[in-house]
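J.: here is a sequence together with a model predicted from it:
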Amino acid sequence: MTLRILQSHVDAIVAQSIAEYPDECCGVILGPIGSDKPIRHKPMINAAASPTFYEFDSKDLLNLYREIDDLDEEIVVVYHSHTETQAYPSRTDIAYASEPGAHYVLVSTRKEIAPENEFRSYRIIDGVVTEEPVQIISEF
Amino acid sequence: MSKAIIEVRIPTILRPYTKNEKAVSAYGSSLSELISDLDAKFPGLGERLLENGELRRFINIYINDEDVRFMGGLSATLKAGDSVTILPAVAGGCN
């Protein structure tokens, strides 16, 4: 499985991770059900406002699911930033991962590594992490 | 008091318990009773919602528009026509 993602979305996520540093940033990219195409970027507020944890606000979460239900969309990408560690799912990330169909994207803002090397995508299913290639495209 | 019938929306990750149904019906005049009834109908589902008798940290449950954590948790009351939504938290971190 490869994540195909728009350059504009990659740029926006990297910019968000820098803007919200030192806190972790988070969000989703939505797409039509079954399409595997991340089309609609929706940055979310990190309700934990923390450098080491992120969590969607519970009301935002409910509104998000209602919205995508109405629009026949699903969460294609769930992303968040790691501020000082590598872009690899932590034990916490794995424990919380609950969308078996989603691409889990990690972006790291740690300074010693160029952002383009630290935008990575994973499947997390039943506690098993599998990294997948990321193909950045200009349009679908 | 007769028990209220409640529509419960099930997230993707828990649909293996409900034969892939997105919404199911269950009875309960409190959230606790509702979860017991769900577990009786769909064995194993209760354990995915509760841990040591408390709501699991990474599962959010809403009655209509309100997170049950602000409504007394498991003792939150239900009435006919209420809608319950179960959603997994979207959360994580670097530790």
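T.: Here it is on my side, so go on.

J.: residue 47 - how many residues pack around it?
T.: Reading this off chain A. 18 (other Cβ atoms under 10 Å in any protein chain shown). Where you see a C-beta, it was placed from the backbone N, CA and C, and this is true even at glycine.

J.: look at chain B instead
T.: Other residues near residue B:47 number 11, with proximity taken as other Cβ under 10 Å.

J.: just how off-centre is the helix or strand of chain B with the lowest mean pLDDT within its chain?
T.: The helix or strand of chain B with the poorest confidence is strand B:91-93; it has a mean of 91 (mean pLDDT, DSSP states H and E). Distance of strand B:91-93 from its chain centroid, counting by Cα atoms, centre = their mean, to the nearest Å, is 22 Å.

J.: hmm, residue A:129 and residue A:121 touching each other?
T.: No: under the criterion of Cβ atoms under 8 Å, residue A:121 is not in contact with residue A:129, lying 10.9 Å apart.

J.: more neighbours, the two?
T.: For residue A:121 versus residue A:129, the count of surrounding residues by other Cβ under 10 Å is larger for residue A:121: 22 against 14.

J.: for the helix or strand hosting that one, buried residues please.
T.: Element membership of residue A:121, judged by DSSP states H and E, is strand A:119-125. Neighbour-count burial for strand A:119-125 flags A:119, A:120, A:121, A:122, A:123, A:124 (criterion: 16 or more other Cβ atoms under 10 Å in any protein chain shown).

J.: least confident pick among those?
T.: Ranked by pLDDT, these bottom out at residue A:119, which scores 92.

J.: may I have the beta-bridge partners of that residue?
T.: Beta-bridge pairing for residue A:119 (DSSP bridges): residue A:107.

J.: list, one by one, the residues from chain B near chain A.
T.: Residues of chain B lying close to chain A (Cβ under 8 Å from any Cβ of the partner chain) are B:11-13, B:58, B:60, B:62, B:65, B:67, B:69, B:85, B:87-95.

J.: look up the pLDDT of residue A:116 for me, please.
T.: 57.

J.: repeat that for residue B:1.
T.: 51.
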